[in-house]
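Student: here you go, sequence then predicted model.
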Amino acid sequence: MLRKNLGILVVLGLVVLFLYYASYFYDPTHDKKNAYINYTSDAAGMEGMVVSASSYASKVGIDILKKGGNAIDASVAVGFALAVTYPQAGNIGGGGFMVLRVHDSIITSIDYREKAPSASTRNMYLDSSGKFDPDLSQFGHLSSGVPGSVAGMLYALEKYGTMSRDEVMQPAIDLAENGFEIEPKFAESLNANFDDFSEFPSTKKIFTKKNSLNFFAGEKFVQKDLASTLRRIRDDGRDGFYKGVTADMIENEMVSNDGIITKEDLANYQPVERNVISTNYKGYDVYSMAPPSSGGIALINLLNMIEHDPVPDTNNSIDMANYYHTVIESMKRVYADRSEYLGDPDFYKIPQQELIDKSYSKERRREITDSITPSSEIKPGLGVIHKESDQTTHYSVIDKYGNMVSVTTTLNNTYGSCVVVNGAGFLLNDEMDDFASKPGEPNMFGLIGSDANSIQPNKRMLSSMTPTLILKDGKPLMILGSPGGGKIITSVFLTILNVLDFKLPLHIAIDKPRFHHQWLPVYLQTEQGAFDTAVTNILQQKGHRINEIGDYGNVCAILIDWNRHIFYGHADRRGYGIALSY
Ligand code: GLY
């Protein structure tokens, strides 16, 4: 009798174990309803699509596609054009990440993040009493890392493009040489930064008007020095930037102003092609940027954590509040991990596989209960984050062959360090502020960092940029990314949930008010209208402290119906970019 019961118990135990492990492999998209995507948006085309933060740059990209260039040619042309028409973040004096899919088979990424100059030191932004001085890491010559954008874009063009430098760079050169009409929001942005621009004569000369007059919409903005620099790059490739006249100008700028970037730093700069990191979320393959960006790991960890939570009924406030509660609590845990484990993989051993493993996310998900866990009780799960600026820019490109490009690039702060290299006409970044200048203290974005992201010569600073591609059954489905400093990751994450789970059309998915929790500070940050009153009340009852902030992010995304070969695109209502197709 005892033996018979024991046998039944063993069989039952094996069934439970089988069901438990099978749940790891359960794919909810086998449910037909879940596989539905809402393919409507404000821009659609069949041959190619470019979405960027500047209408001029989007036009440049579309023209390249029309001339027979592939998505990589178009994205490089867009990148150089943004350096002219969107100097808030478009750049040749900054850095970025490109995630790309080419020839139907290769999915890879190019890391052209800036590097700390070789004369950098761990405590370079601390004063004699050991206090962190953000003015030094966010503004002026000492705040700049060695720029990577030119090297990265040219690497992409040479390896994966089909056109010449001449062809992809000429539109940007023409925009700089002949000028372009200032959009209303660009005029506002230039006028708002007048005081900072006036600190540096080389910047004042280009970005302010004589007698402190305001810029106005519709007037021409001409950048002759920048046109000459772009011509040197066009003619001499990377040597046109990292050596010769341009490098001399950068070094002179540094020497005369206590900056530390040298010609040797410039000549030594190399981009790195890195493996992307990926997950399968409910049957969709998501590919994003590996470290030195935290974006990919954090996005994947968030998706993995939420994967088995049922999509709530949007008409049921209790359901919605419970779901948002889980999402917010997941964000807190992911940002706690970001603070501790992430930095430049060439300098620090990152537990990448552990962090993106679904069993780790499952364990972290199990920690979430019906009420909030105070941030003070959440520790990085395998064992703190730093400040980043809201100004960065993202662009998405697809061509008719299905080549996909997702690029996020930045100067860090709006207009970076605010230093224009005298004679060369371009702005330098203030990316050094993305390091943890004093581990444990928050950066510009309130993000805290650990030793993994401490300053070391030639090291890349941690980023939140999250250029992302999504494929379904091996076919293109979505390209997206955003600016927003530490909020980039959650802007991309929420947009994905809105499309894949809530079945919203792309433009609504992007324009919907967002929310963000990064573990520290301890409150939830929301755009106006992120939750209705009933949901807000329930979240507050659970203990969430809600702080309404201004709009953030500027998602530029493409959604692809590959079966009908139609591309849908949208540029965020928060910016003034545009989706163009043909
Ligand atoms: N500077 C913003 C970022 O790299 O995340």
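Tutor: Everything's here; your move.

Student: please verify my assumption that Val276 contacts Tyr287.
Tutor: Yes. Counting by C-beta atoms under 8 Å, Val276 does reach Tyr287; the two are 4.5 Å apart. C-betas here are computed from N, CA, C, even on glycine.

Student: what is in contact with those two at once?
Tutor: Both Val276 and Tyr287 are in contact with 99, 107, 469, where contact means C-beta atoms under 8 Å, 6 or more residues apart in numbering.

Student: and the helix or strand harbouring Asp285, what does it pack onto?
Tutor: Assigned by DSSP states H and E, Asp285 belongs to strand 284-288. Secondary-structure packing of strand 284-288 (3 or more C-beta pairs under 8 Å, 6 or more residues apart in numbering; DSSP states H and E): strand 95-102, strand 277-281, helix 295-306, strand 468-472.

Student: does the ligand sit close to the third one?
Tutor: No. Residues of helix 295-306 are not located near the ligand by C-beta under 6 Å from any ligand atom, the shortest gap being 7.4 Å.

Student: that helix vs strand 468-472, what angle?
Tutor: Orientation of helix 295-306 against strand 468-472 (axes from the mean of the first three to the mean of the last three C-alpha atoms, to 10 degrees) gives an angle of 50 degrees.

Student: buried ones in the helix or strand following helix 295-306, by neighbour count?
Tutor: Per DSSP H and E, helix 295-306 leads on to helix 317-341 as the next helix or strand towards the C-terminus. Residues 317, 320-341 are the ones in helix 317-341 that count as buried (16 or more other C-beta atoms under 10 Å).

Student: what residues does the protein put near the ligand?
Tutor: Within the chain, the residues that sit near the ligand (C-beta under 6 Å from any ligand atom) are 388-389, 392, 410, 412, 434, 463-465, 485, 488.

Student: which ones among the residues you listed are found in strands?
Tutor: Judged by DSSP state E, the residues of the chain next to the ligand include Thr410 as members of strands.

Student: what about Val276 and Tyr287, which has more around it?
Tutor: It is Tyr287, of Val276 and Tyr287, that has more neighbours when counted by other C-beta atoms under 10 Å, with 25 against 19.

Student: quick check: closest non-adjacent residue to the residue in the stretch 401-550 of the chain that the ligand sits nearest to.
Tutor: The minimum distance from the stretch 401-550 of the chain to the ligand, using C-beta to the nearest ligand atom, falls at Ser463 (3.2 Å). Excluding the flanking residues, the one nearest Ser463 by C-beta to C-beta, 6 or more residues apart in numbering is Ser293, at 4.3 Å.

Student: Ile510 in helix, strand or coil?
Tutor: What DSSP: H, G, I helix; E, B strand; the rest coil gives for Ile510 is helix.

Student: and it, what's its pLDDT?
Tutor: Residue-level confidence at Ile510 comes out at 98, pLDDT.

Student: ok, the closest residue to it other than its chain neighbours - how many residues close by?
Tutor: Leaving out its chain neighbours, the residue that sits closest to Ile510 by C-beta to C-beta, 6+ apart is Val555, at 4.6 Å. Around Val555 there are 29 other residues, counting by other C-beta under 10 Å.

Student: please begin residue numbering at 545 from this point
Tutor: Sure, I'll start numbering at 545, so the last one becomes Val1099.

Student: ok, now which ones touch Val1099?
Tutor: By C-beta under 8 Å, 6+ apart, the contact set of Val1099 is 938, 1024-1026, 1035-1036, 1039, 1054, 1114, 1116.

Student: distance of it relative to Trp1063?
Tutor: Note on Val1099: its distance to Trp1063, by C-beta to C-beta, to the nearest Å, is 23 Å.

Student: mind listing residues that contact stretch 820-828?
Tutor: 571-574, 578-579, 643, 651-653, 829-834, 840-841, 844, 847-848, 851, 896, 900, 902, 1013-1016, 1021, 1040, 1044-1045.

Student: and these, which are buried?
Tutor: Buried members of the contacts of stretch 820-828, counted by 16+ other C-beta under 10 Å: 572-573, 643, 651-653, 829-834, 840-841, 844, 847-848, 851, 896, 900, 902, 1013-1016, 1021, 1040, 1044-1045.

Student: how close does Ser1007 get to Tyr879?
Tutor: In terms of C-beta to C-beta, Ser1007 sits 14 Å off from Tyr879.

Student: what does Asp718 give?
Tutor: Computed as C-beta to C-beta, the Asp718 to Tyr879 distance reads 43 Å.

Student: again, but for Gly1119
Tutor: 24 Å.

Student: what is the burial count for the residue in the stretch 545-694 of the chain that the ligand sits nearest to?
Tutor: Closest approach between the stretch 545-694 of the chain and the ligand, counting by C-beta to the nearest ligand atom: Arg657, at 7.5 Å. Number of residues near Arg657 (other C-beta under 10 Å) recorded here: 31.

Student: and for Arg1117?
Tutor: Neighbours around Arg1117, by other C-beta under 10 Å: 13.

Student: with Gln714 instead?
Tutor: Neighbour number of Gln714 under other C-beta under 10 Å is 18.

Student: please apply the same query to His1109.
Tutor: 12.

Student: ok so, going back, report pLDDT for the residue of the stretch 545-694 of the chain closest to the ligand.
Tutor: For Arg657, pLDDT reads 98.

Student: doesn't Val690 make contact with it?
Tutor: No. Contact criterion C-beta under 8 Å: Arg657 and Val690 do not qualify, at 9.9 Å.

Student: okay, and the beta partners of Phe724?
Tutor: Beta-bridge pairing of Phe724 under DSSP bridges involves Phe765.

Student: that one is in contact with Lys764, isn't it?
Tutor: Yes. In this structure Phe724 lies within contact range of Lys764 using C-beta under 8 Å: 7.0 Å.

Student: geometric centre of the chain: which residue is closest?
Tutor: Central residue of the chain (C-alpha atoms, centre = their mean): Met1009, 2.4 Å from the mean position.

Student: look at that one and report its pLDDT.
Tutor: Looking at Met1009, its pLDDT reads 98.

Student: quick one, what contacts it?
Tutor: 640-641, 833, 837, 839, 936, 938, 952-954, 1025, 1032.

Student: for these, which one is nearest Asn1091?
Tutor: Closest approach between those and Asn1091, by C-beta to C-beta: Ile1032, at 18.8 Å.

Student: which residue ranges of the stretch 945-1094 of the chain form strands?
Tutor: Assigned by DSSP state E, counting those that start in this stretch, the strands in the stretch 945-1094 of the chain fall at 948-954, 1012-1016, 1019-1024, 1059-1060, 1068-1070, 1090-1092.

Student: show me what the first one is packed against.
Tutor: Contacting strand 948-954 under the criterion 3+ C-beta pairs under 8 Å, 6+ apart are the following elements: helix 615-629, strand 639-646, strand 937-943, strand 1012-1016, strand 1019-1024.

Student: out of the ones you listed, which one sits most buried?
Tutor: Burial of the helices and strands packed on strand 948-954 is given as mean neighbour count (mean count of other C-beta atoms under 10 Å); strand 937-943 ranks first at a mean of 32.

Student: starting at the chain centroid, how far to that strand?
Tutor: 12 Å (C-alpha atoms, centre = their mean, to the nearest Å).

Student: and the angle from that strand to strand 1012-1016?
Tutor: Using the same axes, to 10 degrees, the inter-axis angle of strand 937-943 relative to strand 1012-1016 is 30 degrees.
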